[in-house]
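Q: coordinates for the following, if possible.
(2 chains, ligands or ions: 1)
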Amino acid sequence: MQSIERAAAVLRLLAGGAGRLSLGEIARSLDLAKGTTHGILQTLRKVGFVEQDRASGQYQLGAAMLRLGTGYLDVNELRSRSINWADPLAARSGEAVRIGTVLEGQVLVVHHVFRPDDTFQTLDVGSLLPMHATALGKALLAYGATPPASLDRFTSRTVGTQRELAAALQVVRECGWSADIEELTPGEASIAAPIRAYGGLVVGAIGISGHVERLCDSRYHPRPQLVANVRDAARAVSRDLGAARR
Amino acid sequence: MTERYVVAIDQGTTSTRCIVFDRRGQLVSLAQQEHKQYYPKPGWVEHDAAEIWRNVERLGPEALRRAGATIDQVAAVGIANQRETTVLWDRTTGQPVGHAVVWQDTRTDTMVSELDTAPGAEGVRHRSALPLATYFSGPRIRWMLDHHPGLQERAERGEVLFGTMETWLIWKLTGGLHVTDVTNASRTLLLDVHTLDWSSESLAFFGIPRAMLPEVRPSIGVFGTATAAFPGVRIGAALGDQQAALFGQTCFAPGEAKCTYGTGSFLLLNTGSELVRSTHGLLSTVAYQIKGEPAAYALEGSIAITGSLVQWFRDQLELITSAPEIETLARTVTDNGGCYIVPAFSGLYAPYWRSEARGVIVGLTSYITKGHLARAVLEASAWQTREVVDAMNADSGLALKTLRVDGGMTADNLLMQFIADVLDVPVVRPLAAETVSLGAAYGAGLAVGYWPDLEGLRQNWHRAAQWLPTMEAGKRETEYANWQRAVARTFDWIQA
Ligand SMILES: Nc1ncnc2c1ncn2[C@@H]1O[C@H](COP(=O)(O)OP(=O)(O)O)[C@@H](O)[C@H]1O
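A: Residues are numbered from 1 along each chain as shown, chains lettered A, B, ... in the order given. The predicted structure follows:
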């Protein structure tokens, strides 16, 4: 916990208006060993809170610090970083893949891979999906996104009350993945898992969707093999984004 | 059947990768290692061929380990390589003579411009179907023979061998088989593209002894059996990287084309068994040859600056912190605001070939924001593609119907949509980002019967995304005219 205090001190110092500071200057003003200061600066740099000038080697506050309130992972960057893992998920599962993040109480689709059967499909990157009626949305809600105030009903199976939703999200947290079975569209199901960045922070969700008979077994449960595929892909993207292995 | 995998070696400019593929053409595992870039003088770029071989030796077993595969489960190995990079080595010791001279290296420019007007140059151009340029390997061999004392004599005696990267790797893998494939050979200026063998006249023109050259083989067909890195496994294919991407995209029919959008971009159009000579500034090249079949040819349009313009925007202008943010910034506005960027950083390539041109930003007004600039950056890649496609359509008489794309920039939806809009054809991304390695794997698997035929490979290809043109024709024409006016403003900037 001491290291968090020290990191906070480094950030205050850099925010203090002195402009760029060298490692030596930072260590001196906080009365810390250079090695310790260096370690803190490197970690802060990794998460984007601090930037190092390429020419002088001096440090300043990073762009991520200024955007703290606005969601720090650019959606286009999330797509670029996950594209190599979304493709194999589509190939293995045989279903369409989508990656989503939260935008104003809805799921924003940031990446879409067609179901690999070469039928006509349309890219729906940029479209919005309801949070409480999709696997992507539930994966995001389970890990910190604010639930929508009103729960619109799309089918007879849509989660209808905040209480039901809270219970469903509890299950998601216990299992580490989410599903929607005919909750948005009759005959359709989806399975999703959270994408984590450094420190375990959930920055998006990745999932597959398709006909309920293909995604679910005869007991109406998501097929374990597909769940495993989705979770593997989520873990692979998370690893690339700097989340610790778990 | 115990043979479950095919392995590709992708020997690229900055790194070497070994990738294990399964029967559906899906990536099973990957091992990658960068190698050192040497810049001894401005314009010079070198690699250490011995280091690259050591990487292959290590990455092969590593990729198999990550796949949980054993060597006897590997049906074949295929190679895709950086093209035109030139390696010389001692036949007896296997030691490289100096560093390999890389395709980006321009040390031969004075020599090449002298040779360009020398007697016999026209014949070289005709037989190779290439312009005399620093880009290709032949002049590099001449340069190395000139700058290492006694090397010419040793080369005459066959004591020193030449190869592009695939030749070097096959020589090392097999313990001494000296062969090249037609696609790599077609980038040397030394090959007769009709007979698909070295041309004695072209060799005489450069003063390069035949004794140092590898035997030219079809790209797809068993070259030999590896004794190192993959002991006992057959080497089934070797292709230049861009040709491998064309094959990996299953562009097997005349009229099918792909564009790989990376640092630079390379558009290749399959022209079938017919060699098409460009009169619009494109290169003619061998696309691939399957053993026992005639070669397939391609037209190639290379665009020097595409992804690297985004890098410039990030690193030099510092208006974004990562390449994908260019799309976010570009989406803060709805059009380019009348602004165009022509990235003629070191002249203009296909189809203009104007070395005296330099980049411009035109249409600046007080209204222009960084969002408009970001749009102009992305649009530049699309318009440059349009110019190459126009040249291809004119040369081949085939109108492009769809463009298959791959490479890092295909993650940019705004760019892909804009390319579809300005080409007025659908743009399609396949469900396999690693098309270069996939092409090498496909070739190797085909050679050993792991995959039955080209039709079988086509069935592995699936559409992962598609962008359909939505731009109104009038708007497309006005914008293209504006772009071409912007291009005209780059001409004659450097004065002799
Ligand atoms: N989302 C994006 N939008 C635009 N350009 C991008 C994006 N992502 C990557 N790039 C560009 O693509 C290039 C990297 O692509 P890659 O296929 O890895 O290239 P290469 O194989 O030539 O190294 C870089 O030049 C980078 O600027």
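Q: show me which residues of chain B are close to chain A?
A: B:24, B:26-27, B:321-328, B:408, B:410-413, B:431-433, B:462-467 (CB under 8 Å from any CB of the partner chain). From N, CA and C alone the C-beta is placed, and that goes for glycine too.
Q: list only buried entries from the residues you listed.
A: B:26-27, B:323-328, B:408, B:410-413, B:431-433, B:462-467 (16 or more other CB atoms under 10 Å in any protein chain shown).
Q: tell me which residue of the stretch 351-496 of chain B lies closest to the ligand.
A: Closest to the ligand within the stretch 351-496 of chain B is B:G408: 2.3 Å, counting by CB to the nearest ligand atom.
Q: contacts only, for the closest residue to that residue other than its chain neighbours.
A: Excluding the flanking residues, the one nearest B:G408 by CB to CB, 6 or more residues apart in numbering or on different chains is B:G262, at 5.6 Å. By CB atoms under 8 Å, 6 or more residues apart in numbering or on different chains, B:G262 lies in contact with B:T306, B:G307, B:G407, B:G408, B:M409.
Q: what is the neighbour count of the second one?
A: In terms of burial, B:G307 registers 19 neighbours under the definition other CB atoms under 10 Å in any protein chain shown.
Q: most proximal residue of chain A with respect to the ligand?
A: Here chain A gets closest to the ligand at one residue, A:S80, 4.7 Å apart by CB to the nearest ligand atom.
Q: is there contact, residue-wise, from the host helix or strand of that residue to chain B?
A: Here A:S80 sits within helix A:75-93, counting by DSSP states H and E. Yes: where contact is defined by CB under 8 Å from any CB, part of helix A:75-93 touches chain B, namely A:V75, A:N76, A:E77, A:R79, A:S80, A:I83, A:N84, A:D87, A:P88, A:A90, A:A91, A:R92.
Q: what pLDDT, on average, does the helix or strand that comes right after that helix get?
A: Next along the chain after helix A:75-93, taking DSSP H and E as the criterion, comes strand A:96-103. Across strand A:96-103, the average pLDDT comes to 95.
Q: and the residue lying farthest from the centre of chain A, how close does it get to A:D53?
A: Largest separation from the mean C-alpha position in chain A: A:R28, at 37.8 Å (CA atoms, centre = their mean). For A:R28, the distance to A:D53 equals 19 Å [CB to CB, to the nearest Å].
Q: equivalent analysis for B:A118, please.
A: From B:A118 to A:D53 the distance is 51 Å (CB to CB).
Q: what does B:T490 give?
A: 33 Å.
Q: out of the two, which sits in the more crowded spot?
A: More neighbours surround B:T490 than the other of B:T490 and A:D53, with 20 against 11 (other CB under 10 Å).
Q: which SSE is that one in?
A: Applying DSSP H and E as the criterion places B:T490 outside every helix and strand.
Q: which residues touch it?
A: Listed by CB under 8 Å, 6+ apart, the contact set of B:T490 reads B:V342, B:A344, B:L348, B:R354, B:A357, B:R358, B:G359, B:V360.
Q: contacting residues for the first one?
A: Meaning B:V342. Shown in contact with B:V342 (CB under 8 Å, 6+ apart): B:L348, B:G359, B:V360, B:V362, B:A380, B:W483, B:A486, B:V487, B:R489, B:T490.
Q: swap in the third one?
A: The contact partners of B:L348, taken as CB under 8 Å, 6+ apart, are B:V342, B:R354, B:A357, B:V487, B:T490.
Q: farthest-separated two in those?
A: Using CB to CB, the two most remote members of the contacts of B:L348 are B:V342 and B:R354, lying 11.1 Å apart.
Q: can you report how many residues neighbour the closest residue to B:I290 other than its chain neighbours?
A: Using CB to CB, 6+ apart and skipping residues adjacent in sequence, the residue nearest B:I290 is B:I220, 4.5 Å away. Other residues near B:I220 number 27, with proximity taken as other CB under 10 Å.
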